[in-house]
Each structure stands twice: as structure tokens, then as C-alpha cells.
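Asker: Quick one, structure for this:
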Amino acid sequence: MTRRPTARRRSGRSNKRQQRKNDRLIGLLVAAAVAIGLAVAVVNWMVAHWWVLIVIGTLAVSAGGGWLYRQQQKARWEAVHAQGLRYGLPQLDALHHSRFEDAVRDLMRRDGCQDAVRVGGSGDLGADVKATDPYGRRWVIQCKHRRNGLAGSAVGTPDLQVLNGTARQVHGADIAVIVTNGRVTAPAVAFAEQQRLHVVDRHTLGAWASGSHPLWGLLRGVPPPRKPNSLS
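Answerer: Okay, here's the model as predicted:
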């Protein structure tokens, strides 16, 4: 007599679970029917109003074409701006040292070094600008800005020693350069010649920044190209 109520309870629970499953199944079928109905209605509307699709497609193509045109114009303008980039020495003198590094980077880009990047800052290990020229040569440049130009402190041998110690071994330079808008001491110039380093002093910087010749056209003893190039 005590087992029959338990059997009834189990039967009731089983019926409730089955009912919930049936309810979920019915809900899914209703949702699927509604989705199919909506899809059919949309397709029928599109068939009846095909011209709307043409208008939307035309607008999308026009918008895409306009965006592409603007991007092309922007690229052309940037190329023209880079090709015409010029700096006078007074402009360079007035720059903050970080902006001076930016200017050197931009001049390298003007000369065709598309990957030129400024890396100056704490822990730069003697490299303020890195670039690869169109001939495949890797440039590592250390910048020494003097706000007072020639009246500022001269770049000395210790500065060249830092560049010499890291440019090739750490940064993989083919051409290691120090650029300054100020003076360079005679011992530093002699050290640079001994170690195959290149010095861009105020005079050379002025010719490079205000002219149209690439930096490698103004320096002596630059290594030959690594690879053939259309500019060769």
C-alpha cells in the first residue's frame, strides 16, 4: 500500500517533463515558421520592388568608389608632400629634439625609405632613426640636436663611440650615421673615418634638408647597393 503513491508521483513527474519537451518543440516550430514566413515576405517584397535593390547597389558602389578615390587622393597628396619636403636650418634649430628626430625620419622617407621609423628615446641603444633605402641598405641614424646650432656644445668622440658600439652589432646597420645641426669636433671626425661611420654636420644637413638629393648622394664611402633597383 505504501508503494503506489510513489509510483503515481514518478508518473506525474515524467508527464511534466514530457510536457515541457513538447512545449519547447512547439515553440521552436512556431519560431521556425515565423522566420520562414518573414524570409518569404522579404523575398516577395524584393521581387516586387526590384528597383530598390538597384538603387541600393548603385549607392553602395558610389560610396565605395568615393571612398577609394579619397584614399587614392590622400596617398597622392602624401607622396607629393614627401617629395617636396624641405627644411631650412633655422626651422631645424627651433625644433624640440624629438621633433628633430621626426624631421630626419621624414627626410629619409622623402628619399624613398618607406620603412623609415623613429625609435629614439630611453633605451634606444644609439639608434634614433632606422630606415632601409631603395637599394636595400640598412641605415641607423643617431640624432644630436642643438637648439643654439653652431653655438651649442659640439658632438664629440664619445657620441660616435656609442654609435659605433651598437649600430652594426645591435641594429644590423650597413650605414651608421650621426646627424647634428651643430658642430662636430675634429677628433670625432677622425674617429668616424677610422670606424667607417658617417657624420652629417650642419653644412651637410643644410644641403640635405633644403635640397632634393638623397642623403646617400651627399656622403662619401657609402657601401654599394645590396640589390638591383629601378633607381640603379
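
Asker: Please tell me how far Gly27 sits from Val34.
Answerer: Distance, Gly27 to Val34, using C-beta to C-beta, to the nearest Å: 11 Å. From N, CA and C alone the C-beta is placed, and that goes for glycine too.

Asker: what do you get for Glu193?
Answerer: According to C-beta to C-beta, Glu193 stands 84 Å off from Val34.

Asker: Compare the two and say which is more crowded by neighbours.
Answerer: Higher neighbour count among Glu193 and Val34: Glu193, with 13 against 10, using other C-beta atoms under 10 Å.

Asker: Skip ahead from the lowest-mean-pLDDT helix or strand in the chain and say which helix or strand is next.
Answerer: Using mean pLDDT, DSSP states H and E, helix 50-83 stands out as the lowest-scoring helix or strand of the chain, at a mean of 72. Once helix 50-83 ends, the next helix or strand along the chain (criterion: DSSP states H and E) is helix 89-93.

Asker: And the contacts of that next one?
Answerer: Residues outside helix 89-93 that contact it (C-beta atoms under 8 Å, 6 or more residues apart in numbering): 100, 103, 145-149, 181, 202, 205-206, 209-210.

Asker: Show me which of these are buried.
Answerer: 100, 103, 145-146, 149, 181, 202, 205-206, 209 (16 or more other C-beta atoms under 10 Å).

Asker: Out of those residues, which sit inside helices?
Answerer: Using DSSP state H, the members of these that fall within helices are 100, 103, 202, 205-206, 209.
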